[in-house]
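> sequence and predicted model, in that order:
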Amino acid sequence: METIFWICVKLMQVVSSAIGITYQQLNVILFVIIHPIITVVLYKKYKKYKKLWSETQV
């Protein structure tokens with residue numbers, strides 16, 4: 001697990017360097033902005049499809 005962590009850190013360092021921002025800025029963009037947005041969108045879709053599924057099973 002530690003190896004995966006350090007691979008991800010190195011990948012984020014390379015990406016942040018390539019796009020001209022710091023590692024910390026990329027970390028905030030990914031985990032404070034993008035991840036919560038994706039989570040909310042997927043949760044809303046889950047609720048929608050769960051409702052549709054339950055309606056078709058009646």
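Sure, I can see it.
> how about stretch 1-13: buried residues?
Buried residues in stretch 1-13, counting neighbours by 16 or more other Cβ atoms under 10 Å, are absent. Any C-beta I mention is one placed from the backbone N, CA and C, and that applies to glycine too.
> so for it, what's the average pLDDT?
Averaged across stretch 1-13, pLDDT comes to 97.
> where exactly do the strands run in the chain?
Counting by DSSP state E, one finds no strands in the chain.
> for this protein, what helix or strand is lowest in average pLDDT?
The weakest-scoring helix or strand in the chain, judged by mean pLDDT, DSSP states H and E, is helix 35-56 (a mean of 91).
> tell me the spacing between the residue nearest the centre of the chain and Glu55.
With distances taken as Cα atoms, centre = their mean, His35 lies nearest the centre of the chain, 3.4 Å away. Note on His35: its distance to Glu55, by Cβ to Cβ, to the nearest Å, is 31 Å.
> on that earlier part again, from the chain's centroid, how far away is the least confident helix or strand of the chain?
Helix 35-56 sits 16 Å away from the centroid of its parent chain (Cα atoms, centre = their mean, to the nearest Å).
> CA-only coordinates of it in CSV, if you can.
Taking C-alpha atoms only, helix 35-56 is exported to CSV below (Å, rounded to 0.1, in the frame of the first residue of the first chain):
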residue,chain,number,x,y,z
HIS,A,35,-13.5,14.6,-6.0
PRO,A,36,-16.4,16.0,-4.1
ILE,A,37,-18.1,17.2,-7.3
ILE,A,38,-17.7,13.7,-8.8
THR,A,39,-19.0,12.1,-5.6
VAL,A,40,-22.1,14.3,-5.5
VAL,A,41,-22.9,13.7,-9.2
LEU,A,42,-22.5,9.9,-8.8
TYR,A,43,-24.7,9.9,-5.7
LYS,A,44,-27.4,11.9,-7.5
LYS,A,45,-27.3,9.4,-10.4
TYR,A,46,-27.4,6.5,-8.0
LYS,A,47,-30.5,7.9,-6.3
LYS,A,48,-32.1,8.4,-9.7
TYR,A,49,-31.4,4.9,-11.0
LYS,A,50,-32.3,3.4,-7.7
LYS,A,51,-35.7,5.1,-7.9
LEU,A,52,-36.1,4.0,-11.5
TRP,A,53,-35.2,0.4,-10.6
SER,A,54,-37.6,0.3,-7.7
GLU,A,55,-40.4,1.6,-10.0
THR,A,56,-39.8,-1.1,-12.6
